[in-house]
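> got a predicted structure plus its sequence, pasted below:
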Amino acid sequence: RERDEARAVADKRQALVDERKRERDQARNTVRDREQALAQQLTERDEVRRMVEDRDVMMGKSIQERDEARAIADKRQALVETRERERDDARNAVRDREQTLQKHLTERDEARRMVEERDANLANSIRERD
């Protein structure tokens, strides 16, 4: 009977040991699963970081290209404005020349009329004298 009681106690202890081993194995499995999940999350985080860094690089290039395009557009606009001023200056110079030429033509025509009038007066004077 003592042997049976000792065997029963030993069996209970073995059952407790077995239960503790199962609990330990479950805890180890849970820790392993958590570590794998954490590793997966870290991998995903690193991938997202790389994607963000790549996007930042691309955006930086796009911003640089945009700024370069704006600089070119500004230079072109300045060139257009310079050409427009030069064109306006040339038009003004042509208009001034035309006005000066018209003034000279008017003065020449006035001088011709004065010469013709003087010639007519001189011819009248000669006729009257004769």
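Structure received.

> all helices of this protein, in order?
For the chain, helices defined by DSSP state H occupy the ranges 2-129.

> so where is the chain shaky, pLDDT-wise?
Residues of the chain meeting the criterion pLDDT under 70: none.

> point to the residue nearest the middle of it.
Closest residue to the average C-alpha location of the chain: Arg66 at 2.4 Å, with Cα atoms, centre = their mean.

> where's that residue relative to Arg118, distance?
77 Å (Cβ to Cβ, to the nearest Å). Placement of C-beta: from N, CA and C, glycine included.

> how about the contacts made by the residue nearest to the centre of the chain?
The neighbourhood of Arg66, defined by Cβ atoms under 8 Å, 6 or more residues apart in numbering, contains no residues.

> please report how far it lies from Asp56.
Counting by Cβ to Cβ, the gap from Arg66 to Asp56 is 15 Å.

> next one: Glu98
Noted for Glu98: a distance of 62 Å to Asp56, by Cβ to Cβ.

> before we move on, what about Glu128?
On the measure of Cβ to Cβ, Glu128 and Asp56 end up 106 Å apart.

> the two: which has the busier surroundings?
Asp56 (10 against 7; other Cβ atoms under 10 Å).
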